[in-house]
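1. pasting the sequence and the predicted model now:
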Amino acid sequence: MPAPPRPAVSVMLTRGETVLLVRRSPRLRAFANLWAFPGGTVSAGDSAIPVNGAPDAETAARVAAGVREVFEETGVFLGTAGRAVGPAATDDLRRRLLAGEIGLREVLEGFDAEVEAPRFCEVEALTTPESAPYRFDTRFFRLPLPDGAEPSVWPGEIVDQAMLAPETALARWRHGAMALAPPILGLLERWSPDDAVFRARNRDEGRLPPAVRYSPGIAVIPCRTRTLPPATHTNAVLVGTSDRYLVDPAAETPAERAMLFGMVDRLLGPSDRLAGVLVTHHHPDHIGSVAAAASRYGVPVGAHPETFARIPPAPGEARPLAEGDSLDLGEAPDGSPGWRLDVRFVPGHAPGHLAFVESRYGAMVAGDMVSSLSSILISPEDGDLGHYMESLRRLAAECRGIVYPGHGVPVVAGADLLRSQVRHREARERSLLEALDTKPAALATIGLRVYPTSEVPRRGPVRRLAEVALTSGLLKLEREGRARQRGGKWSVSGGATA
């Protein structure tokens, strides 16, 4: 089941034609390293704050949360103060609030202030898609920055700030200079200084399926699939502007397929065309709508020959792809010519696995080379852990932009994600070597040493998946001459036989 969304608030503070944006810390679990509006989740204490003029208790709690979060993150106080408070006293209240020594009620008392809900104009409400590991039910409010207020960032959850016109922020995003959180990107594109117009634009957008965009010219369409936990969805990725490619159209059911094609149709402009369907690898949770997409749009399918040998034939042209091939994308979103999608052959998870790297921003469509939810399972049936590690290290060394994994949300610091998975695999291999002895042991026995019951239950599907991963690790060590198998039991190379 998808994670339930947490109540949250986001506040747009405007000054003239500009709005305050803040950059979230790379250490945060949600929207790490992305620019957004100040805000956060609603705490239990927010519901106890008296708020004047709120239409209901839920709105009152959101407004109180907005006052608290904005004060924590920017030092701007949005209450109606009854007395002037100097900078030193304001900073002290902020410091104590951040430290958890006091709550919003004590901050309001320090300013002799009240909270007035009518000052907060609600312009949008959004819920994070089901495919995301951390989900939020967020209300967006807009109000002018108080006279004389100067936002200031204290490094922590927030690491930078900027007052920008929406079109300036969007231009920086198109040039690859500002990574915007997907909901903020859409709000800036629909921006209007007129609250009624802004709300109307957002209502119109809300009737359409969600588009998840992190970098220019790339949209993620999560499709519910029968995949391995903790994932519940597989990411289909639409790349390009005028000439576009649909990577891994994964939808398996008629309803999901209708959603996927509806989103593709919506994202294709009047002068755009879908140039082809691309497949990262042959696993069933990535190919559910390959043939249907090729037939609907009358386009070829591009994949590695090893993948074509393992998937049902699609109507139309089959375009074999290999290392070094490039697909023309035309003009990049910032107007740069010669935009292309470069093919990388990265076997290991599957024999014909491909990744795709776009040339302007360095975004990498990685398929199942990496996940932002968990580590990738390498099955001994069609995978090779040694080849996978070589491919993973290669992508980690090359990556210079956002990584779009097959499962989970895209990651802005893509190289960090890839390097962390390399380190994780290396640590698991060390644990496996330490678990081997000169005396041969059964797989289950070794598995309990590497994956103790404190990490993985002794029985059940998760234990079975752990043993699949363990088998791949043992086979890698055997090929390298560091482990041996005799009679279904394993020992360190050079050990006794069963």
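-> Yes, it's here. Keep in mind it's a predicted model, so treat the numbers as computed, not measured. Residues are numbered from 1 along each chain as shown.

2. contacts only, for Ile221.
-> The neighbourhood of Ile221, defined by Cβ atoms under 8 Å, 6 or more residues apart in numbering, consists of 211-212, 235-238, 259-260, 263-264. Any C-beta I mention is one placed from the backbone N, CA and C, and that applies to glycine too.

3. want to throw the residues you listed into TSV with pLDDT and secondary structure?
-> Formatted as TSV, the contacts of Ile221 follow (pLDDT from 0 to 100; DSSP: H, G, I helix; E, B strand; the rest coil):
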residue	pLDDT	secondary structure
Ala211	66	coil
Val212	86	strand
Asn235	97	strand
Ala236	97	strand
Val237	98	strand
Leu238	97	strand
Met259	94	helix
Leu260	95	helix
Met263	92	helix
Val264	95	helix
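
4. distance from the strand or helix carrying Val67 to the middle of the chain?
-> Secondary-structure assignment from DSSP states H and E places Val67 in helix 57-74. Relative to its chain's centre, helix 57-74 lies at 26 Å (Cα atoms, centre = their mean, to the nearest Å).

5. hang on, the earlier thing: farthest pair in the contacts of Ile221?
-> Val237 and Met259 (15.0 Å; Cβ to Cβ).

6. between those two, which one's more packed in?
-> Val237 (26 against 17; other Cβ atoms under 10 Å).

7. any idea how far Leu278 is from the more buried one?
-> 9 Å (Cβ to Cβ, to the nearest Å).

8. so what sits against both of the two?
-> 246-248.

9. check the secondary structure at the spatially most central residue of the chain for me.
-> Nearest residue to the geometric centre of the chain (Cα atoms, centre = their mean): Val409, 2.0 Å. The three-state label given to Val409 by DSSP: H, G, I helix; E, B strand; the rest coil is coil.

10. hang on, it packs against Glu130?
-> No. Applying Cβ atoms under 8 Å as the test, Val409 and Glu130 come out as separate, 12.0 Å apart.

11. give the contact list for Ala314.
-> Neighbours of Ala314 in contact, by Cβ under 8 Å, 6+ apart: 277, 290-291, 294-295, 301.

12. does anything pack onto the biggest helix by length in the chain? Which helices or strands?
-> For the chain, the helix with the greatest residue count under DSSP state H is helix 414-435. Applying 3 or more Cβ pairs under 8 Å, 6 or more residues apart in numbering; DSSP states H and E, we find helix 414-435 packed against helix 385-398, strand 403-405, helix 443-450, helix 461-479.

13. buried set for the lowest-mean-pLDDT helix or strand in the chain?
-> Within the chain, confidence by mean pLDDT, DSSP states H and E is lowest for helix 195-206 among all helices and strands, at a mean of 85. Of the residues in helix 195-206, 198-199, 201-202, 205 count as buried by neighbour count, 16 or more other Cβ atoms under 10 Å.

14. what does stretch 272-285 give?
-> For stretch 272-285, using 16+ other Cβ under 10 Å, the buried residues are 274-283, 285.

15. helix, strand, or coil at the closest residue to Ala57 other than its chain neighbours?
-> Leaving aside its sequence neighbours, Ala57 sits nearest to Ser47 (Cβ to Cβ, 6 or more residues apart in numbering; 6.9 Å). When classified by three-state DSSP, Ser47 comes out as helix.

16. tally of neighbours for Ser47?
-> 16.

17. from Arg394, how far out is it?
-> 51 Å.

18. likewise Met163?
-> 41 Å.

19. okay, how far is it across stretch 305-314, tip to tip?
-> Stretch 305-314 has an end-to-end distance of 14 Å (Cα to Cα, to the nearest Å).

20. residues contacting the closest residue to Ala32 other than its chain neighbours?
-> Nearest residue to Ala32, sequence neighbours excluded (Cβ to Cβ, 6+ apart): Pro26, at 5.2 Å. By Cβ under 8 Å, 6+ apart, the contact set of Pro26 is 32-33, 159, 412-413, 416.

21. if we can go back for a sec, now the longest helix of the chain, how far from the chain's geometric center?
-> 21 Å.

22. for the stretch 1-150 of the chain, just list every one of the helices.
-> For the stretch 1-150 of the chain, helices defined by DSSP state H, counting those that start in this stretch occupy the ranges 57-74, 87-98, 104-111.

23. Asp437: which of the ones you listed is closest?
-> Of these, the one closest to Asp437 (Cβ to Cβ) turns out to be helix 87-98, at 51.0 Å.

24. which of the residues in that closest one are buried?
-> Buried residues in helix 87-98 (16+ other Cβ under 10 Å): 90, 93-94, 97.

25. touching, Thr438 and Lys489? I think so.
-> No. Taking contacts as Cβ under 8 Å, Thr438 lies outside contact range of Lys489: 11.9 Å.

26. neighbour count for the two, which is higher?
-> Taking neighbours as other Cβ under 10 Å, Thr438 and Lys489 compare with Lys489 leading, 17 against 10.

27. phi and psi next, for the more buried one.
-> phi -120, psi 160 (degrees, to the nearest 10).

28. from Val411, how far out is the residue nearest to Ala32?
-> In terms of Cβ to Cβ, Pro26 sits 10 Å off from Val411.

29. shared neighbours of those two, anything?
-> By Cβ under 8 Å, 6+ apart, Pro26 and Val411 have these common neighbours: Ala32.

30. put the alpha carbons of stretch 397-415 into CSV.
-> Provided in CSV are the C-alpha atoms of stretch 397-415 (Å, rounded to 0.1, in the frame of the first residue of the first chain):
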residue,chain,number,x,y,z
ALA,A,397,32.3,8.0,-12.5
GLU,A,398,30.4,9.5,-15.5
CYS,A,399,27.3,10.9,-13.8
ARG,A,400,27.1,14.7,-13.7
GLY,A,401,23.4,15.3,-13.3
ILE,A,402,20.1,14.0,-12.0
VAL,A,403,19.6,10.2,-12.0
TYR,A,404,16.2,8.9,-13.1
PRO,A,405,15.9,5.4,-11.6
GLY,A,406,13.5,2.7,-12.7
HIS,A,407,11.9,2.8,-9.2
GLY,A,408,11.6,5.6,-6.8
VAL,A,409,12.0,9.4,-7.2
PRO,A,410,14.7,11.0,-9.3
VAL,A,411,17.8,12.1,-7.3
VAL,A,412,19.4,15.5,-7.9
ALA,A,413,22.8,14.4,-6.6
GLY,A,414,22.9,11.4,-8.9
ALA,A,415,26.6,10.6,-8.6
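
31. are any of the contacts of Pro26 buried, and which?
-> Judged by 16+ other Cβ under 10 Å, buried ones among the contacts of Pro26: 32-33, 159, 412-413, 416.
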